[in-house]
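Kindly generate the corresponding structure for this input.
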Amino acid sequence: MNRALKRISIAVLVMFLALLINANYLQGFQPASLATRPDNVRGLEAQYQYQRGDIVTSDGVVVATTKPSDDIYKFERVYNNPMVYAPVTGYDTIYSATGVEQAENGLLAGTSSSLSFRNFIDEITGKPRKGATVTLTINSKDQTAAYQGLSSVLANTKNTGGVVAINPKTGAILADASWPSYDTNSLATHDGKQLNAADETLLNTTPSPLVNNATDSLYPPGSTFKIVTTSAWFTQSPAHTPETALSSPQPLKLPNGNFLNNDNDEPCGNNTGQTPAITAFAQSCNTPFAELGIQLGGPTLKSMADNYGYNQNLGITGVNMAESNFTAESDPSFTAYDAIGQHDTVASPLQEAMMAATVANNGTLMKPYLVQQVTASDLSILSSTAPSVLSQPITPAVASEETQMMLQVVASGTAQSPVDNAGAQGLDIAGKTGTAQNGVDSANASDSVFVAFAPANNPKIAVGVIVQGGGYGAVTAAPIAIAVIKAALG
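Model (predicted):
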């Protein structure tokens, strides 16, 4: 009997020690994760007892703030101009969060460990606790121009689109606009029934307004991919220049016996079968660059595409990002289509902007970022993002050659008319149009693509635009990009 009691006593002691260790572990190492769990009602109620930090643009426009609430919570989230900024801010609800609201939740809510000392000081001084302010890299004028451009061509359609603008010298994202969008205020309500109804409406809407098409959707890049193809070709040999003549048959007979054509089956250049690369690029001929793709091979093109950012997730804070895809095909006939941005090649507007930014920055691709700085309520800086190099896809010499080609697109090629019509001749824009077949059997259903940077001699902004079903890149996407550039350059 004594032996049995001894065993029971030891078992109870072990359980007591385990309970003690677990309690100390939870209090010492897991308070932050427990506080932010969605099923923690006490944590949820506590979160809304304090003023959540603001989200502001780089030029000082407040896009997310809080106001006093008249229900069980003290504060309620409010979004200014929500349709324009929804893809960037995301939303913060009593159940979940997305976008920057989710990525920087601890700092915005004031629960981050980096704010512990500040919260302690506020408590003993009787000062109301407030979350940190998150300053974005977004410029309000660029963002508004991007959203309005998408709205002007996509309203009342079932198509999607996105615009991304980047500072090529730093990687700072200046605009991140998506269509369709939604009113984030409809999800900021504290009324559970209203929230569920609004959420259900958004979830049942097609195409989904909750998807950020600027960064998280993929489209065929069309002829804008010729930037990658020519970059690989220029890199292959210093003898290759914009004036080098390329074989330009119409049509091009592929190794599998099929034929690849230029747009509307038109000849390239002067129809001699040989066309300078810069002329073929400006006129956006298909056959010369498809043939270059066959010569270069899938692995060479993939290596260059990877350096430009394809096939990788960059891990940008606050950004849901789909990986742009280029696959090295063993069949050269497929490679021919990939080289002109068709077949299985897909990219996001963010990827398009990254390509333009690389050329603009003398061949160096800076890592894109969205959060510029986080500031505590006492104005002390908690963190700031320093520009960093992502890769060096091309040399400055090759970047100069690409710039010459892109300037010719605007001066006398496929982008001349939209630039002239926008009154943007003095902005020194370098660009490339793209018209991408998206699998729909209709010429009017082609996706419209345009990439550009300006001013070409001292670039301050690079833009990527994709409009689903927009037709020719020069007709639909280019005017949107030009509007963003004009907003940025004043």
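
Quick one: neighbours of the residue nearest to residue 140 when sequence neighbours are not counted, just the number.
In this structure, residue 140 finds its nearest non-sequential neighbour in residue 61, 4.2 Å apart by Cβ to Cβ, 6 or more residues apart in numbering. Yep, even glycine has a C-beta here, placed from its N, CA and C like the rest. As a burial measure, residue 61 scores 18 neighbours (other Cβ atoms under 10 Å).

from memory residue 61 sits against residue 142, does it?
No. Residue 61 lies out of contact with residue 142 (Cβ atoms under 8 Å); the separation is 11.4 Å.

part of a strand, is residue 478?
No. Going by DSSP: H, G, I helix; E, B strand; the rest coil, the assignment for residue 478 is helix, not a strand.

separation between it and residue 253?
As judged by Cβ to Cβ, to the nearest Å, residue 478 and residue 253 stand 32 Å apart.

Looking at these two, which is more packed in?
residue 478 (34 against 12).

where does this protein dip in pLDDT?
1-2, 4, 23-48, 117, 119-123, 125-126, 439-444 (pLDDT under 70).

what sits against residue 369?
For residue 369, the contact set (Cβ atoms under 8 Å, 6 or more residues apart in numbering) comprises 137, 171-173, 316-317, 385, 387.

Show me what it bridges to in the sheet.
Under the criterion DSSP bridges, residue 369 forms beta bridges with residue 172.

got a winner among the contacts of residue 369 for most neighbours?
Neighbour max across these (other Cβ under 10 Å) = residue 173, 30 neighbours.

contacting residues for that one?
Taking Cβ under 8 Å, 6+ apart, one finds 137-138, 164-166, 316, 319, 368-370 in contact with residue 173.

Same question for residue 166.
By Cβ under 8 Å, 6+ apart, the contact list for residue 166 reads 172-174, 353-354, 356-357, 366, 368, 461-463.

Closest one of those residues to residue 272?
residue 356 (31.3 Å; Cβ to Cβ).

all helices for the stretch 151-300 of the chain, in order.
Along the stretch 151-300 of the chain, the stretches classed as helices by DSSP state H, counting those that start in this stretch are 192-203, 226-236, 277-282, 287-296, 298-307.

Tabulate the CA atom coordinates of the longest one in PDB.
Going back to what we said before, that points to helix 192-203. Provided in PDB are the C-alpha atoms of helix 192-203 (Å, rounded to 0.1, in the frame of the first residue of the first chain):
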ATOM      1  CA  GLY A 192     -20.700  40.400 -36.900                       C
ATOM      2  CA  LYS A 193     -23.800  40.000 -39.100                       C
ATOM      3  CA  GLN A 194     -22.900  43.000 -41.200                       C
ATOM      4  CA  LEU A 195     -19.400  41.700 -41.600                       C
ATOM      5  CA  ASN A 196     -20.400  38.200 -42.600                       C
ATOM      6  CA  ALA A 197     -22.900  39.700 -45.200                       C
ATOM      7  CA  ALA A 198     -20.300  42.000 -46.700                       C
ATOM      8  CA  ASP A 199     -17.700  39.200 -46.700                       C
ATOM      9  CA  GLU A 200     -20.100  36.800 -48.400                       C
ATOM     10  CA  THR A 201     -20.900  39.400 -51.100                       C
ATOM     11  CA  LEU A 202     -17.200  40.000 -51.900                       C
ATOM     12  CA  LEU A 203     -16.500  36.200 -51.900                       C
END
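
buried ones in it?
Going by neighbour count (16 or more other Cβ atoms under 10 Å), the buried part of helix 192-203 is 195, 198-199, 202.

would you list those in JSON lines and tack on distance to residue 410?
Output for those, formatted as JSON lines (distance: Cβ to Cβ, whole Å):
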{"residue": "195", "distance to residue 410": "48"}
{"residue": "198", "distance to residue 410": "44"}
{"residue": "199", "distance to residue 410": "44"}
{"residue": "202", "distance to residue 410": "39"}
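
which pair in those spans the largest distance?
Farthest apart among the buried residues of helix 192-203 - using Cβ to Cβ - are 195 and 202, which lie 10.8 Å from each other.

joint contacts of those two?
Residues within reach of residue 195 and of residue 202 at once, by Cβ under 8 Å, 6+ apart, are residue 187.

on that earlier part again, which stretch among the helices of the stretch 151-300 of the chain comes nearest residue 269?
Short answer: helix 277-282, nearest of those by Cβ to Cβ, at 5.1 Å.

For that closest one, name the packing helices and strands.
Packing partners of helix 277-282 (3 or more Cβ pairs under 8 Å, 6 or more residues apart in numbering; DSSP states H and E): helix 226-236, strand 245-247, helix 287-296, helix 396-412.

can I get the ones you listed in JSON lines with mean neighbour count?
Shown next, in JSON lines, are the helices and strands packed on helix 277-282 (neighbours: other Cβ atoms under 10 Å):
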{"stretch": "helix 226-236", "mean neighbour count": "25"}
{"stretch": "strand 245-247", "mean neighbour count": "18"}
{"stretch": "helix 287-296", "mean neighbour count": "24"}
{"stretch": "helix 396-412", "mean neighbour count": "20"}
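
Redo those as JSON lines? Include distance to residue 19.
Below are these laid out as JSON lines (distance: least, Cβ to Cβ, whole Å):
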{"stretch": "helix 226-236", "distance to residue 19": "60"}
{"stretch": "strand 245-247", "distance to residue 19": "76"}
{"stretch": "helix 287-296", "distance to residue 19": "66"}
{"stretch": "helix 396-412", "distance to residue 19": "64"}
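
All set, thanks.
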